[in-house]
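Visitor: Fold the following for me, if possible:
(chains A and B)
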Amino acid sequence: MSTATYAGVTVDVNDEGFLERPEQWTRDVAVELARADGIAELTERHWQVIEFMRQEFFAKGTGPTVRALGKSSGVSVKELYQLFPKGPAKTAAHIAGIPKPKGCI
Amino acid sequence: MTTQTDANPGTAPAAAVPIAKVSIIVSKGSLEGIYPALILANGARAEGIEVNLFFTFFGMDAVHRKRMDHVKVATVGNPGLHIPTLLGGLPGMSALATHFMSKKMEELDIPPIPEFIEMIGDTGAGMYACRASVDMFGLERDDFVPQIADIITVGDFYAMAAGGQIIFT
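Guide: Purely as a prediction, here's the structure:
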């Protein structure tokens, strides 16, 4: 495990760059994580997904799948891929400061 | 003794190049023939990999409006199922096995085929039907779901697959 500093906040990260401790996350950290993922600006729609992912993670202990995101986050699968072109579940989890989703779907 | 020869002697081993594009051929019409291709396609898009799906022969059932909802597990000639062939051939066996497998998949958040095709279309994957198979089975454009962008020849497929990986299922 190592640490990284985003927006002046030092966070614990794993070797893939995902936050080890979601409670260290702040919105400013998310903005810089998004830039690292090639998303220059987080829109209101991005935030809707990010906040939904954090809620799900803290409620269930795991981040949602793309299918679940499409059904429950208020953002369709099509739009999810427009917002996060490199893969919504993985990229949004990274920006939301929660672990990379496990599973194949 | 044989030794492996380095393609580029004197250079450091190259880092693995990430896969940027896959073209997946779906040729089988059973449930166990179709799902692996769809899971591979969906998973590739989830990793940001460009995907094209090419449906040929019985694989076209996955994108056939009237058939996609009736895809079944093969209970005969499928030793992996561990059912004696004579039992597997009894009426209703295929429906029963399909029911159990579909239930299990739903628990794992794997969608039924029609929803999965729609979802994979929404991820931005391209879907195409095979010209030769369409002609052979006497099908038309309207027999397919709207996610099928075109009916293409094998030459078109290779042109589309250029520069990426090809997976045959």
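
Visitor: Can you name the residues of chain A that neighbour chain B?
Guide: A:65-68, A:70, A:76-78, A:81, A:85-91, A:103-105 (C-beta under 8 Å from any C-beta of the partner chain). From N, CA and C alone the C-beta is placed, and that goes for glycine too.

Visitor: which ones are touching B:Lys66?
Guide: Listed by C-beta atoms under 8 Å, 6 or more residues apart in numbering or on different chains, the contact set of B:Lys66 reads B:Asp143.

Visitor: what are the ranges of the strands in chain A?
Guide: Residue ranges of the strands in chain A, as given by DSSP state E, are A:2-6, A:9-13.

Visitor: Phi first, then psi, for the residue nearest the centre of chain B.
Guide: Central residue of chain B (C-alpha atoms, centre = their mean): B:Ala37, 2.8 Å from the mean position. Backbone torsions of B:Ala37, given as degrees, to the nearest 10, read phi -70, psi -40.

Visitor: again with B:Val22
Guide: Per-residue torsions, B:Val22: phi -130, psi 140 (degrees, to the nearest 10).

Visitor: Show me what it bridges to in the sheet.
Guide: B:Val51, B:Gln165 (DSSP bridges).

Visitor: B:Gly43 touches A:Cys104, doesn't it?
Guide: Yes. B:Gly43 is within contact range of A:Cys104, at 5.7 Å (criterion: C-beta atoms under 8 Å).

Visitor: how close does the residue nearest to the centre of chain B sit to chain A?
Guide: B:Ala37 sits 13 Å away from chain A, going by C-beta to the nearest C-beta, to the nearest Å.

Visitor: List the contacts of that residue.
Guide: B:24-26, B:53, B:59, B:62, B:167, B:169.

Visitor: Verify the contact between A:Gly70 and A:Ala89 for me.
Guide: No. If you go by C-beta under 8 Å, A:Gly70 and A:Ala89 don't touch, sitting 10.4 Å apart.
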